[in-house]
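> Sequence and predicted model, in that order:
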Amino acid sequence: MVITLDLNGKEETLDIDPSLRLIHLLRYTFGLLGTKEGCLHGHCGYCQVLLNDQMVLSCLTPAFYTHKGKVLTIEGFRGTPEYYDIEKGFLEVQYTPCGSCASARVLLTHAILQETLHPTEQAIRKRFTAILCRCTDPSRLVEAVQRTAAIRRHRQHAV
Amino acid sequence: MQYNLTEPSIYMPTSLAEALVLKERHPTATVYAGGTYLLWNQAGRLLNLPGSILSLQNIKELNRLGRTETRLDVGAMVSIQRILRAGPKVLSPLLATALEGICPPSVATMATLGGNLSVPDRCMASFPVMHVLDARCEIRSSKGTRWVPVTGLRSPTGELQLEPIELITRIQIPMEEWNFHIHRRIGSFSYGITADSLILVIVGKTYRGMLTEFRFALGNFSSHIYRNRDLETLLIGARLPLGKSKDLKAFLYAIQEDLKNQKFLSYHVQMERVLYILQSTLSNPFQYSA
């Protein structure tokens, strides 16, 4: 079947097998390897991307579901001012997630900050239970997201 | 597992009218809302999809969320995460707890309330709370619209009471104020549903220390849920807290016997847990005030 989607700001039209998962479309058709393949069961959360500004598990999303949708992966997000806020915020508190979960954590931070620029500790902890990786200290994660929120608030006021 | 070797037919309507026409033309098509139940635990490179799919993600009419003074109107395709994002000004504490308990946060962005209620072979996690709150579903087909209470969505034998050409389009949840409420998940939920997963919902209203309304429901992800309206009325009029009163003991005994007769619970420990929660709630309901 033929689908049209906005992938990282670029319109793509392609003929796909409807049974294809979004993660495999991203990784093997478009070569966007920043989205990591984990359990393929929807447990680990490594494969999350933004579909129409909502975090979705790309392993549990069929590729056809993105038809007329807007997909943002870490490759498309990199280079935006919002990405630099997150990079700066994470570095300032020396929060360094591992290679498996980093892209999902960055996108999830972006998704949280799109909803509110004053996320509470409880809300951050709850949202990040969507990623099952024990590479980093959860308290530092909260600090990193709140620091990023402060940077973004400051940047938006400056603009 | 049997794999479907032919390419599935996928219909992606952009309006509700188009979806209803397509559903009439293809009544056997599986309705695809968030897809979380359909695709859960599917390993392998390719997904095993049904032969014919009606995907509703591009229908704006089904993505509306609204609140009036007395009710919350949820479009069938509104994700659980979006409902939760409405916050405490829109959601009652019971509803927020119940929605958080439906699925993990990673899945909540995809799972929908309409999809959760439409799973054909099981009463999923939203069923007990919707049952207790007396929610209603708007069901539409090309022939018309009807409203069905969630209690009437399933037959006594557990079959989903939806015609092949019908779709759940909206869920209406009354926003009543309850003086106490409990939503408990008992058993294992870490990796989906297991044989010991159980959901217990209790709500009650009091007036001057007297119990004026009491409802409770149990869901174990089978084809039906447990609710006994006759037993719910046993304690109406009783003065709270019930402490260790005879009324409470008689009520708990009646529930125990009814649950045993209906063979609703698989394990003895589940029964103990349910009775303990009911007892502790009714002994001092004000510790669970809304």
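Perfect, I can see it now.

> C-alpha from now on. contacts and neighbour counts both.
Noted.

> and residue 119, how many neighbours?
In the absence of a named chain, chain A is used. A:Pro119 is flanked by 15 other residues according to other CA atoms under 10 Å in any protein chain shown.

> actually it's chain B I care about, not the one you picked
15.

> Over to B:Leu94?
Neighbourhood size, B:Leu94 [other CA under 10 Å]: 21.

> can you tell me how far it sits from chain A?
18 Å (CA to the nearest CA, to the nearest Å).

> Mind telling me what element that residue is part of?
helix B:93-100 (DSSP states H and E).

> Please name the residues that touch the nearest residue to A:Val106 once chain neighbours are set aside.
Sequence neighbours aside, A:Ile86 is the residue nearest to A:Val106 in space, at 6.9 Å (criterion: CA to CA, 6 or more residues apart in numbering or on different chains). A:Ile86 sits next to A:Val106, A:Thr109, A:His110, A:Val145, A:Thr148 when contact means CA atoms under 8 Å, 6 or more residues apart in numbering or on different chains.

> tell me the SS of A:Ile86?
The three-state assignment at A:Ile86 reads helix, by DSSP: H, G, I helix; E, B strand; the rest coil.

> so what pLDDT did B:Ser289 get?
Listed pLDDT for B:Ser289 reads 64.

> what helix or strand does the closest residue to chain A within the stretch 51-200 of chain B sit in?
Closest to chain A within the stretch 51-200 of chain B is B:Ser106: 4.5 Å, counting by CA to the nearest CA. Using DSSP H and E, B:Ser106 falls within helix B:105-108.

> So what's the gap between that helix and the chain middle?
Chain-centre distance of helix B:105-108: 17 Å, with CA atoms, centre = their mean, to the nearest Å.

> ditto for stretch B:142-155
Distance of stretch B:142-155 from its chain centroid, counting by CA atoms, centre = their mean, is 15 Å.

> Report the buried residues of it.
B:Ser142, B:Val148, B:Pro149, B:Val150, B:Thr151, B:Leu153, B:Arg154 (16 or more other CA atoms under 10 Å in any protein chain shown).

> What of stretch B:228-235?
Across stretch B:228-235, burial judged by 16+ other CA under 10 Å covers B:Leu231, B:Glu232, B:Leu235.

> out of those, which are inside helices?
B:Leu231, B:Glu232 (DSSP state H).

> Adding distance to chain A and pLDDT, write the buried residues of stretch B:228-235 out as CSV.
Below are the buried residues of stretch B:228-235 laid out as CSV (distance: CA to the nearest CA, whole Å; pLDDT from 0 to 100):
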residue, distance to chain A, pLDDT
B:Leu231, 37, 92
B:Glu232, 35, 91
B:Leu235, 37, 89
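
> From chain B, how far off is the most centrally placed residue in chain A?
Nearest residue to the geometric centre of chain A (CA atoms, centre = their mean): A:Leu107, 2.5 Å. Distance, A:Leu107 to chain B, by CA to the nearest CA: 13 Å.

> List, one by one, the residues from chain B near chain A.
Contacts of chain B with chain A, taken as CA under 8 Å from any CA of the partner chain, map to B:7-8, B:10, B:35-36, B:39-49, B:55, B:57, B:104-107, B:109-110, B:191.

> From these, list just the buried residues.
Among those, the ones that count as buried by 16+ other CA under 10 Å are B:8, B:10, B:35-36, B:39-42, B:47-49, B:55, B:57, B:104-107, B:109-110.

> All the helices of the stretch 1-150 of chain B, in order from the start?
Ranges of helices in the stretch 1-150 of chain B, per DSSP state H, counting those that start in this stretch, are B:16-25, B:36-39, B:80-85, B:93-100, B:105-108, B:113-118, B:126-132.

> what's the closest non-adjacent residue to B:Met130?
Leaving aside its sequence neighbours, B:Met130 sits nearest to B:Val150 (CA to CA, 6+ apart; 6.5 Å).

> ok, now which ones touch the one you found?
For B:Val150, the contacting residues are B:Phe127, B:Met130, B:His131, B:Asp134, B:Ala135, B:Arg136, B:Cys137, by CA under 8 Å, 6+ apart.
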